[in-house]
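> coords below, sequence missing:
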């Protein structure tokens with residue numbers, strides 16, 4: 001398994017573990033960002049190591065090429081002088097450096113591709129990390145709002161069904177009842193209606209008194225003569 005595959009599997013495993021074990025979304029987001037930060041650090045270190053190896057290979061490749069070229073020129077000079085033995089000796093000495101340069105050249109090509117892939121992976125992870133960090137505040141705000149709404153609903157439910165809530169309801173009903181009674185009493189004791197009733201009572205007594213006087217007067221009259 002390559003380095004990039006191992007990094008991807010590790011990131012997914014860490015995130016899944018955090019989501020499974022934690023209930024607070026804000027903590028999950030923060031822990032996820034921290035995990036991504038650690039992975040970015042590891043990738044940066046891997047890129048730095050790959051670049052260091054590439055640079056060392058480049059120096060070794062350049063040195064092997066230079067030494068092989070130097071011995072080849074020596075062989076050329078020996079041929080020009082007609083010294084075939086010296087030319088053969090120079091070519092023999094050149095051979096291992098030439099083979100080393102060929103091998104190092106192949107390694108250098110592979111290392112260059114690896115470094116480029118790691119750099120691209122690092123750029124992608126950095127972009128994802130920046131996007132996740134930019135969205136973190138939004139997610140945290142939404143999570144806090146949802147939690148606050150849930151707590152408010154729970155509080156309202158508890159208040160509505162509690163003894164204190166029922167006491168307030170009874171108190172409100174009592175006040176309404178007292179207000180209704182007060183209104184009825186006020187209507188029953190209207191002073192104008194009372195005055196009319198008193199007048200009616202006086203009129204009836206006066207009439208009865210007049211009748212009584214008339215009857216008494218007629219009883220006291222002397223009888224008329226024949």
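Thanks, I have the structure now. All values derive from a computational prediction rather than experimental measurement.
> How many neighbouring residues does residue 61 have?
19 (other CB atoms under 10 Å). For the C-beta atoms, the positions are set from N, CA and C on the backbone; glycine is no exception.
> Apologies, that question was intended for residue 38.
Neighbourhood size, residue 38 [other CB under 10 Å]: 13.
> same check, this time on residue 101
With other CB under 10 Å as criterion, residue 101 counts 20.
> Please apply the same query to residue 125.
By other CB under 10 Å, neighbour count at residue 125 equals 20.
> Quick check: closest non-adjacent residue to it.
residue 40 (5.4 Å; CB to CB, 6 or more residues apart in numbering).
> count of neighbours near that neighbour?
16.
> Give the helix, strand or coil label for it.
Under DSSP: H, G, I helix; E, B strand; the rest coil, residue 40 falls in the helix class.
> ok, and what's touching stretch 93-108?
54, 57, 58, 60, 61, 64, 65, 67, 68, 71, 72, 75 (CB atoms under 8 Å, 6 or more residues apart in numbering).
> let's see 10 Å
53-54, 57-75, 91, 111 (CB atoms under 10 Å, 6 or more residues apart in numbering).
> hang on, the earlier thing: residue contacts, the residue nearest to residue 125?
Contacts of residue 40 by CB under 10 Å, 6+ apart are 7, 122, 125, 126, 128, 129.
> out of these, which is most surrounded?
residue 125 (20 neighbours).
> does it sit in a helix or strand, and which one?
helix 84-161 (DSSP states H and E).
> Residue 88 contacts residue 71, correct?
No - assessed by CB atoms under 10 Å, residue 88 is found out of contact with residue 71, at 11.4 Å.
> Counting neighbours, go ahead and name the busier of the two.
residue 71 (20 against 13).
> For the residue nearest to the more buried one when sequence neighbours are not counted, the count of nearby residues, please.
Setting aside the residues directly before and after it, residue 71 is nearest to residue 94 in space (CB to CB, 6+ apart), at 3.4 Å. The number of residues packed near residue 94 is 19, by other CB under 10 Å.
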